[in-house]
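S.K.: What would the 3D arrangement of this be:
(chains A and B)
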Amino acid sequence: MSATPVLVMQDICKSFPGVTALKDAQLRLFPGEVHAVMGQNGAGKSTLIKVLTGVETPDSGEILLDGRPIQPKSVDEAQKIGISTVFQEVNLCPNLSVAENIFIGRFPIRGIAIDWKAIEREAKAALAALNIHVDVTRTLSEYPVAIQQMVAIARALSTEAQVLVLDEPTSSLDEDEVERLFDALRELKRKGIAILFVTHFLDQTYAISDRITVLRNGEFIGEYAASAISRLELINTMVGREIDEAGFAAQSAADAAPPSEYPFVTVKGLGAAGRMHPIDLNIYRGQVLGLGGLLGSGRTETARMLFGIDRADSGTIAIDGAPVRLSSPRKAVQQGIAFCPEDRKTEGIVADLSIRENIILALQARRGIFRYLPRRVQSAMADQFIKQLGIRTPDAEKPIGQLSGGNQQKALLARWLATEPKMLILDEPTRGIDIAAKLEIMDLVKTQCRKGLAILFISSEMSEVLRVSDRIAVLRDRRKVGEIEGKAADEQSVFRMIAGAEA
Amino acid sequence: MKATLLRLTRSHLFWPCVTLVLLCLVNVHFNPGFFDIEIKDGHLYGSVIDILNRAAPLMLIAMGMTLVIATRGIDISVGATVAIAGAVAASLIGGSLVIKEGVQTYVSNTPMPLAFAAALAVALLCGLWNGLLVAGAGMQPIVATLILMVAGRGVAQLITEGQIVTVYYEPFFFIGNGFIFGIPVSLYIVAAVLGILLLLTQRTALGLFIESVGINPVASRFSGISARALVFWVYAFCSVTAGIAALIITSNVKSADANNAGLLLELDAILAVALGGTSLSGGRFYLIGTLVGALIIQTLTYAIYSLGVPPEINMVVKAIVVFGVCIIQSPALRDLLLKHALRSGGPA
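M.R.: You can find the predicted model right below:
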């Protein structure tokens, strides 16, 4: 690490109507380091990144690149001066090929035409550097989100960058892919590129970062060497109060509700050719059933069949012993099933609608068009959930798209709790959400469960699955390979099962 | 005062209304009697009334189009639907003047209510077809409705057997030219449709569902909304508004011309929706804004005629004004102008 920073952000202030997003924020970035920016939702991480990459203009403060002040006005301009960014939400064109996505906007020209061969060759090489080998001529949308994320990273890496900004690059990657990404990052580090890394994952922060900058409520709290601050210290710095992760786990284990005798939902041999091998599941009232497994093991596929999104071509679903046909989400909702999907932005929130409208949406859909909830009832309901779930917003009329990820997730939970469901399917409910909000959401889930709600819980963070689940169904390669009692399970036993060893 | 003004400019109706007022001022400048309304033969008479009356078919179709666009769709077949429904109505009514026992009596080929019902049913059928292609088969709306746009005039030609069908049945003319309490009948129809729509979109969950589906169809479906059924019926409704408009147009010109009835009306309707502040990418929609948009278009047409612009270039003039209106309504440009105004205005 050299002694002079390549990038300095000084006293950055930025307010939006009604909120101060950043107040005198500081950041120093040295060549050849990985620098993590941490903080809860709404701490100002995203705004800081946006200011740096030209998406937002700061109200005051200075950004110095190589000692020269810069004021990027757009992402494009930032990229030209050497700041490349991979945003949290994949910003690619799903209908173009992988290669086109990597080179879009700067196609190499040969003579007067675009040099497609070079594009293909170089796209392949760029992905190979991340250890990804796919057909780059195929349309991006044919690949899973994880691959799309890697394509976005490959795209950012393929430009000549001094500074690489990664905003939550790992939130949709599984552990192998994260490792690959980190290998690539270490390689870039050796080349002297400064990497700014925003994440919610503590493990990853410690695995890759050299230094950590912590923000809280838009303010700069401190800059620490990763080796000099313990996890607990880091969490407390971020949250500004004491949080006891271990205590939370102990409490939930002690409160495990006694399971009801008969399962609420009985799934027998449910499968769809090419998507999911037949699976058996029993989901009880007042219990959390975790689905454990790696990315692509069939967790989401199972959830989608249970909610009537994808049609199963074999097997049966019975609710309270009576067979049902769930041919659409609407039918599932009528049976008292609720589903918080994995991809909050495209499948969960209706961004331009207000928080109030988003919260009452599912309930209203079940009531039908003509039994419209009076506005007064809607507002009361929204206000009650905002208070109960601690959704941070000035009022219920704000468009939900303007909330932070954790608050959006809470509002989606509210949408389903408003329907008073009997079973709640949670697919990655804590993705891209900070620790405190994560714990709050898990707490909510547990509370609802104790009231008799059946919960199917999916997360790629095994520790989280272990922490909340009463039982865990383990999936591998789109089939169920076993089931473990939550109390008896630890990460090793689940991983052994996933790996195929007889437990 | 300043805050009120600012809130006013933020209202989605502000810019459409400003545009309409400006156009009216242009009209007044060249024709000082523009706002004059007199009572002739017991009904209101004047430029403004004329504009309102002539804008009625466009207002009706634009309202249907508003809902379609709010669901992220578009329906470019409404002009063809007008031609088909008009042809059905005119052919069924036809009519002749007979002298019965010394009294002149108008006789229609088919009873008029039946003819109306048939025309509206055929329009509904057009809409069901569009809805089936868009919501059922999942075709892109512009492609799906292009089919009927192209084929529709052929169907209308078949109905009229390639002729312009003239109607000689006096009672039929009432709907396009008549007055009730001095006000054109067509405006009562517009008011009725608007009333029903406002009731449905504001007093039931229909408005919420349409907006939700338009903004995020997947999330809406996952919340338990029958998004496909909703989209299907929205297309059906849009075609019905075209059917009602066809009755007014046919009655107004006392004939059905398969080639020219409702020609390019789809584009005017889309423009009216856009001028009214509804985004073509779906979501939030504004019915009243759409009506103002339709009036802007009709007022503009009126201005062009009253200014004596030669007919051969009036499309060019119209295009230029529409371009200007769209530019004024562009938020990006408005921000730019606002910034400029603030800077030149000095510290406020």
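
S.K.: quick one: buried residues of stretch A:22-41?
M.R.: For stretch A:22-41, the neighbour count (16 or more other C-beta atoms under 10 Å in any protein chain shown) marks A:22-23, A:25-41 as buried. In this view, the C-beta of every residue, glycine as well, is placed from N, C-alpha and C.

S.K.: which residues touch residue A:391?
M.R.: When contacts are counted by C-beta atoms under 8 Å, 6 or more residues apart in numbering or on different chains, residue A:391 touches A:355, A:385, A:403, A:407, A:410-411, A:414.

S.K.: what sits against the residue of the stretch 151-300 of chain B found nearest chain A?
M.R.: Here the stretch 151-300 of chain B gets closest to chain A at one residue, residue B:224, 3.7 Å apart by C-beta to the nearest C-beta. Counting by C-beta under 8 Å, 6+ apart, residue B:224 touches A:329-330, A:332-334, A:362, A:365-366.

S.K.: Spatially, which two of the contacts of residue A:391 are the most separated?
M.R.: Using C-beta to C-beta, the two most remote members of those are A:385 and A:403, lying 13.1 Å apart.

S.K.: Need the residues touching each of these two.
M.R.: Both residue A:385 and residue A:403 are in contact with A:391, A:411, where contact means C-beta under 8 Å, 6+ apart.

S.K.: still on that earlier bit, out of the contacts of residue A:391, which touch chain B?
M.R.: Under the cut-off given by C-beta under 8 Å from any C-beta of the partner chain, chain B has nothing from the contacts of residue A:391 close to it.

S.K.: Could I get these in a markdown table, plus columns for distance to residue B:238 and secondary structure?
M.R.: Below are those laid out as a markdown table (distance: C-beta to C-beta, whole Å; DSSP: H, G, I helix; E, B strand; the rest coil):
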| residue | distance to residue B:238 | secondary structure |
| --- | --- | --- |
| A:355 | 31 | helix |
| A:385 | 36 | helix |
| A:403 | 34 | coil |
| A:407 | 37 | helix |
| A:410 | 38 | helix |
| A:411 | 33 | helix |
| A:414 | 34 | helix |
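
S.K.: Let me have those in JSON lines, extended by neighbour count and distance to residue B:331.
M.R.: Below are these laid out as JSON lines (neighbours: other C-beta atoms under 10 Å in any protein chain shown; distance: C-beta to C-beta, whole Å):
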{"residue": "A:355", "neighbour count": "28", "distance to residue B:331": "23"}
{"residue": "A:385", "neighbour count": "23", "distance to residue B:331": "32"}
{"residue": "A:403", "neighbour count": "22", "distance to residue B:331": "22"}
{"residue": "A:407", "neighbour count": "23", "distance to residue B:331": "26"}
{"residue": "A:410", "neighbour count": "29", "distance to residue B:331": "31"}
{"residue": "A:411", "neighbour count": "26", "distance to residue B:331": "27"}
{"residue": "A:414", "neighbour count": "23", "distance to residue B:331": "31"}
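
S.K.: okay, these in a markdown table with pLDDT next?
M.R.: Below are the contacts of residue A:391 laid out as a markdown table (pLDDT from 0 to 100):
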| residue | pLDDT |
| --- | --- |
| A:355 | 95 |
| A:385 | 92 |
| A:403 | 87 |
| A:407 | 88 |
| A:410 | 90 |
| A:411 | 93 |
| A:414 | 93 |
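
S.K.: Tell me the helix or strand right after the host helix or strand of residue B:288.
M.R.: Secondary structure assignment for residue B:288, by DSSP states H and E: helix B:287-306. Where DSSP H and E defines the elements, the next helix or strand beyond helix B:287-306 is helix B:314-328.

S.K.: Which other helices and strands does that next one contact?
M.R.: Counting contacts by 3 or more C-beta pairs under 8 Å, 6 or more residues apart in numbering or on different chains; DSSP states H and E, helix B:314-328 is packed against helix B:14-30, helix B:265-275, helix B:287-306.

S.K.: Can you say which of the ones you listed is packed in most?
M.R.: helix B:265-275 (a mean of 24; mean count of other C-beta atoms under 10 Å in any protein chain shown).
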